[in-house]
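Engineer: can't give you the sequence, but here's the structure:
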């Protein structure tokens, strides 16, 4: 498939636009999206304009947000209105969040009044909340209705609602009483009462954190969840595909930050080299500045180093092992927090577990290190290395387990907080421990 | 919430089982799952047995697979049959894959014949394929039917089918012609033909890689996708919540391996310390053995070190920066591959991008390094550090970008392949480059 997409890219490059238009006609919408996401900005704009209007709208819907943004910027106002109108209110708000306020305002003016008021509902919630990501287009069923009445309402709703498969059930005050599934409605007779088909609903408050809500939707295997206000009135709904989007974005961020870079928020091959460089340089500088601590520590112990140069040979191995141990612990705990298995209240449980894991790991490595180094150099040096490995592993595992939790308590992204702090902390303290042990054992 | 769960855990610990039973009665199913996933094996078994049968079945369905396994092991055969029967065929197969073959066979014998034959269909596909993860319980609609006929069939299907919201449309040979959504069926009149409502379907072959298929389902925002055999006949369906499961498992694996550990495949707090230790020790040893390369490199250059001890001060900073740069590149490319933005055919594009990113990053850091070190020590040493930073960043970024692609080409998990190789490779080659530059500039 990727071979075929490369051939299409060649057609753009050689400006064989008629051939490209024909080729695109045969391609399913999903593959057109893959194709566009691999092109540069200019080429993508050219290829996108070749699509017939109705297909273009479908493709636009599926495109990565950053690319939607670029395409919107390259279009005339009339066309902008077309694409903007075709989006669901929640997707529209997400796109607006990426654009300069002036452009966003202009686009709002072009919307028809109904779409505009729906969009305003979503815009009323702070970003990062599920209210900002939900869809205000839902069909609620009063609990005192019959299945027949409900089906009539559902038929009339047609394309307007975000989903018809999970329907909030409300009382006369519009308070959420549960949900009913279209599946159950279809299977039931017309005169059955809605309240008899209603099941308990997990719902989320509109002010709730979007990632948490998405995680809940995925864990509980819901196709959609009602969103309520503080009085438990239904204000919107959000669906599992929105949840997937939110989780995927969160995971890309975690992955990037864990690797010490800012997330790109767009497909790799479509990202300019300078943007990639910018996503990395800040973290790299922060980490390098942190690493200057190691230079200072070594500077303090320079005399010890000069006395026993052989100690310098093990520096990369020791701090590397410390970093690895810390990373393992931090990764496990970060992931467990992302999955909701560990919360900030579990800090002591995690600390106690990681200390024990660290001691066990350190004992294994320490014994091996002692034997190997004693055999190749002498047993004094072996003892220094063995003891240091034990100390560093314990230190690194417990620090690595704590960092993500501390980070979260301080309101930072656990993934960010963990990585730079662990490498800096473990490298510097590890070296201090190393030289203190060396001085004690070797009597320098 | 987590506070409340801790109180419940205290009830188990103090064996106040009557109070616990009452407390569990008030708790929604989802929270019971959260509660059980935080307990140890023994306590979990105790708490689980307190649930009334119908709630227990619901809870069992939502539990993490590793924990389902443990609960099944602790039950009598009659009860095992109950829980095993309550699972969907695809979930049942996933659980069986975790259990010893003898136990799995015994459980199959307890199933009713219909469930057993459905389970056997799924068991017929190799593990790792989407056939193994799909549900064989689907409702297919013949294309020559009317909406009325289809709705009749759907009503009769009731609870048996995995989903009724996306229905495969087939011709008289049972070949897949597309899909029709329940939403469209409900909105249409009874005499409308199915073929007029059928839309183009993305489908996957049953032998297709499960993670790829799940990614496709998520990217194209499908609620469900038909699974076909090699002749394009429909053999099953898989739904977006299965896709979410598969992707979450894959992300957990990537995250763990990226942090240099094996995935736990179960909630952190419910995992014994020794299991955690075992998930880490192998990688830690592999990485430590890799790191002995640095000891050897330093050993070779020991004379240079003895001549200019100040060179030792910068070793952690230089290899740390190299490791960070390599990690950034590897993380970005691994994530892009997981999302399908980059394939193995893009190897040269990625290499060329990362070389340029590396040179840019290296230039910035190199100039800063040169200035700072020259100011604090002397300009010769500054020049060595500056040049080394430039070389190491370029080397690390390009190697970091290539590793995941090479790993995939060799059939390994890109996340595994990238991490150990980058740290080992960059540390060792970085040190060689450092000392060669130092010898040349300082004339040693």
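Structural biologist: Arrived safely, thanks for sending. Just so you know, these numbers come straight off a predicted model, no measurement behind them.
Engineer: give me the number of residues near residue A:272?
Structural biologist: Residue A:272 has 12 neighbours, counted by other Cβ atoms under 10 Å in any protein chain shown. Backbone N, C-alpha and C define where each C-beta goes, glycine included.
Engineer: for residue B:346, see how far away it is.
Structural biologist: According to Cβ to Cβ, to the nearest Å, residue A:272 stands 16 Å off from residue B:346.
Engineer: what does residue A:171 give?
Structural biologist: For residue A:171, the distance to residue B:346 - Cβ to Cβ - is 56 Å.
Engineer: looking at the two, which one has more neighbours?
Structural biologist: A direct count of neighbours by other Cβ under 10 Å for residue A:171 and residue B:346 places residue B:346 higher, at 20 against 13.
Engineer: kindly list the main-chain dihedrals of the nearest residue to the more buried one once chain neighbours are set aside?
Structural biologist: Nearest residue to residue B:346 in three dimensions, chain neighbours excluded: residue A:269, at 6.6 Å (Cβ to Cβ, 6 or more residues apart in numbering or on different chains). When quoted as degrees, to the nearest 10, the phi and psi of residue A:269 stand at phi -70, psi -20.
Engineer: for residue A:228, report the pLDDT, please.
Structural biologist: In this model, residue A:228 is scored at 90, pLDDT.
Engineer: now do the contacts for it.
Structural biologist: Counting by Cβ atoms under 8 Å, 6 or more residues apart in numbering or on different chains, residue A:228 touches A:176, A:203-206, A:234-235.
Engineer: for residue A:288, what are its contacts?
Structural biologist: Contact analysis of residue A:288 by Cβ under 8 Å, 6+ apart lists B:317, B:320-321, B:324, B:365, B:368.
Engineer: just the buried subset of those, written out for ChimeraX, thanks.
Structural biologist: Remark: buried members of the contacts of residue A:288, expressed as a ChimeraX selection using 16 or more other Cβ atoms under 10 Å in any protein chain shown:
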select /B:317,320,321,324,365,368
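Engineer: tell me the one of the contacts of residue A:288 nearest residue A:60?
Structural biologist: Proximity of the contacts of residue A:288 to residue A:60 was ranked by Cβ to Cβ; the top entry is residue B:324 with 37.5 Å.
Engineer: secondary structure element for residue A:178?
Structural biologist: strand A:176-181 (DSSP states H and E).
Engineer: ok, that strand near chain B or not?
Structural biologist: No - contact of strand A:176-181 with chain B (Cβ under 8 Å from any Cβ of the partner chain) is absent, the minimum separation being 9.3 Å.
Engineer: so how far is that strand from its chain's centroid?
Structural biologist: Centroid separation for strand A:176-181 versus its chain: 30 Å, with Cα atoms, centre = their mean, to the nearest Å.
Engineer: check which helices and strands that strand is in contact with.
Structural biologist: Counting contacts by 3 or more Cβ pairs under 8 Å, 6 or more residues apart in numbering or on different chains; DSSP states H and E, strand A:176-181 packs against strand A:166-170, helix A:194-197, strand A:224-228.
Engineer: that strand versus strand A:166-170: what angle between them?
Structural biologist: Comparing the axes of strand A:176-181 and strand A:166-170 via axes from the mean of the first three to the mean of the last three Cα atoms, to 10 degrees yields an angle of 150 degrees.
Engineer: how close does residue A:346 sit to residue A:401?
Structural biologist: Distance, residue A:346 to residue A:401, by Cβ to Cβ: 10 Å.
Engineer: and for residue A:310, the neighbour number?
Structural biologist: For residue A:310, the count of nearby residues is 18 (other Cβ under 10 Å).
Engineer: pLDDT at it, what is it?
Structural biologist: For residue A:310, pLDDT reads 86.
Engineer: before we move on, what about the one 5 residues further on?
Structural biologist: Note on residue A:315: pLDDT of 89.
Engineer: just checking, residue A:313 touches residue B:299?
Structural biologist: Yes - with contact defined as Cβ atoms under 8 Å, residue A:313 counts as touching residue B:299 (5.8 Å).
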